[in-house]
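**Q** model the structure of this input:
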Amino acid sequence: MAAGESTRMGREKALLPWPPIAPGQNSPGQTFLSASIRLLTITDLVIVVAGKNEPALAPVAYAEGASLVQNPEPERGQFSSLQVGLQEVLNRGRDGAIVTLVDRPPVSAATLATLLAAFARSATSTWAVVPEYRGKHGHPILLGREMIEAFLKTPPSSTARDIEHQHKSHIEYIAVDDPLIAVNVNTPGDYAALGVVR
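**A** Numbering: from 1, shown residues only. As a prediction, this is how the structure comes out:
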C-alpha cells in the first residue's frame with residue numbers, strides 16, 4: 001500500500017533509496033517500493049495501491065513487474081487503500097494476500113519465509129498471520145479469504161487494528177527476530193535512524 005501523500009517526509013516515501021545511503025554515497029539502485037516488490041515476487045501477483053502519486057509510482061511498479069491499482073479517494077485514509085487492494089486481490093481470483101506498507105522498510109527474506117511457513121501450517125480457524133518482534137506487531141501480514149472478507153465488509157472509517165481486535169481468536173502471532181517488521185518511516189529523522197536499526 002503506497003497511496004499516502006508523504007507530507008511529514010516531505011518527499012515520496014515509496015521512492016526513498018533502500019537501503020539508506022549516507023551523504024556522498026551512490027544510490028543502491030532500489031527504493032522502498034522496488035525492494036518490497038522484489039521481496040514479494042515469491043507470489044504470483046504483486047499489486048501496488050497508489051493514490052494521487054500514481055504517476056510517480058507507476059514506472060517503478062511496472063519496471064518491477066507489479067500491477068497497479070489506484071485508490072480514487074486516498075483522503076479517506078489508509079484503511080480505504082487496504083480495501084481497494086484487497087478487492088483487487090479478489091477481483092484477480094486470489095484467496096489470500098500478503099499486505100505490507102510502503103512506509104516500512106522491507107523485511108528480510110528469512111522473515112517472510114517464516115511467516116509463509118506459519119501460514120501454510122496454520123489451522124483452518126486461522127484467518128491471518130501477523131509478525132511480532134519483542135511484543136510489537138508489524139508487517140507484512142498474511143491474510144486468508146475470511147480475513148479479507150472481514151476487512152471488505154467493514155466501513156472505510158474503521159482501522160485495520162479494529163478488525164484485528166474483533167477477530168483476535170483467528171489471528172496467529174509469530175515471533176520473528178527482525179526489528180524492521182515494526183518500524184514506521186514517516187519523517188526524515190525516522191529514515192535517518194534506519195541506519196541504526198539495520
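
**Q** and the helices in this structure, which stretches?
**A** 32-39, 54-63, 78-91, 109-121, 145-152, 160-166, 188-197 (DSSP state H).

**Q** flag the shaky bits of this protein, pLDDT-wise.
**A** 22-28, 196-198 (pLDDT under 70).

**Q** just give me the residue closest to the centre of it.
**A** residue 100 (1.0 Å; C-alpha atoms, centre = their mean).

**Q** the nearest residue to that one once chain neighbours are set aside: neighbour count?
**A** Spatially, and ignoring its direct neighbours in sequence, residue 100 is nearest to residue 140 (3.9 Å; C-beta to C-beta, 6 or more residues apart in numbering). For glycine as for every other residue, the C-beta is placed from the backbone atoms N, C-alpha and C. Around residue 140 there are 24 other residues, counting by other C-beta atoms under 10 Å.

**Q** got the contact list for residue 140?
**A** Shown in contact with residue 140 (C-beta atoms under 8 Å, 6 or more residues apart in numbering): 40, 98, 99, 100, 107, 112, 115, 131, 181.

**Q** ok, now residue 105?
**A** Per C-beta under 8 Å, 6+ apart, neighbours of residue 105: 18, 19, 32, 35, 180, 183, 185, 194, 197, 198.

**Q** at 6 Å what do you get?
**A** Shown in contact with residue 105 (C-beta atoms under 6 Å, 6 or more residues apart in numbering): residue 180.

**Q** what's the straight distance from one end of stretch 64-79 to the other?
**A** For stretch 64-79, the first-to-last residue distance is 25 Å (C-alpha to C-alpha, to the nearest Å).

**Q** name the residues of that stretch that are buried.
**A** Buried residues in stretch 64-79, counted by 16 or more other C-beta atoms under 10 Å: 64, 66, 68, 69, 70, 71, 74, 76, 77, 78, 79.

**Q** how close does the nearest residue to residue 37 once chain neighbours are set aside sit to residue 21?
**A** Closest residue in space to residue 37, ignoring its immediate chain neighbours: residue 64 at 4.1 Å, by C-beta to C-beta, 6+ apart. Here residue 64 is placed at a distance of 20 Å from residue 21 (C-beta to C-beta, to the nearest Å).
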